[in-house]
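Novice: quick one: sequence plus predicted model below, questions after.
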Amino acid sequence: TTTTTTSDGEKKSHEQPAPQQKQHLEFSFAMLVFPANLQFHTKKAKKLLNTKDVRFASEEDVTSLTGGVKSGGVPPFGDMFGIPVYVAQALLDHEKIVFNAGDRRFSLAMTSTDFNNIVNPTIADFLKTNNAKCNSETN
């Protein structure tokens, strides 16, 4: 609080605004790898990642994180980009997996065993189950 004196000698108090503080919002990125015909369960993903919110990375985030790879073309090798990789067991249950190879126009196939050995992802439970309700409150 500051006090000023007017020309007629009256003193007035003024509240000074609090100093502006820049808030640094920190985001972490993770790669969840699972079969394309399944969906991740929001609450399970939040618990796995120990966060209050999960969202898909924006096109700009993807391009920045991957050195120019466009969204939809990113291969499931998060370790190449410094991003932790979590894989659903359902993906590893397939003999082969097919994924984009850095470009949406090109795909690569490899055995799930090779993928697991190369990437060494964290195997985690983050998928919706068949009996899960499909609304935003439960998923």
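Specialist: Now that the structure is in, tell me what you want to look at.

Novice: pLDDT at the residue nearest to residue 46 when sequence neighbours are not counted, what is it?
Specialist: Among residues not flanking residue 46 along the chain, residue 54 sits closest, at 5.6 Å (C-beta to C-beta, 6 or more residues apart in numbering). C-beta coordinates here come from the backbone N, C-alpha and C atoms, glycine included. Looking at residue 54, its pLDDT is 90.

Novice: mind listing the helices for this structure?
Specialist: 42-49, 59-65, 89-92, 112-119 (DSSP state H).

Novice: and stretch 107-116, end to end?
Specialist: Stretch 107-116 has an end-to-end distance of 18 Å (C-alpha to C-alpha, to the nearest Å).

Novice: meant to ask about stretch 75-84, not that
Specialist: Stretch 75-84 end-to-end distance (C-alpha to C-alpha) = 13 Å.

Novice: what average pLDDT does that stretch get?
Specialist: 93.

Novice: what residues of that stretch count as buried?
Specialist: 75-78, 81, 83 (16 or more other C-beta atoms under 10 Å).

Novice: in strands only, show me these.
Specialist: Counting by DSSP state E, none of the members of the buried residues of stretch 75-84 fall within strands.

Novice: mind putting the helices of the chain into CSV with mean neighbour count, mean pLDDT and distance to residue 28?
Specialist: Output for these, formatted as CSV (neighbours: other C-beta atoms under 10 Å; pLDDT from 0 to 100; distance: least, C-beta to C-beta, whole Å):
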stretch, mean neighbour count, mean pLDDT, distance to residue 28
helix 42-49, 16, 95, 7
helix 59-65, 14, 92, 11
helix 89-92, 16, 95, 22
helix 112-119, 14, 96, 18
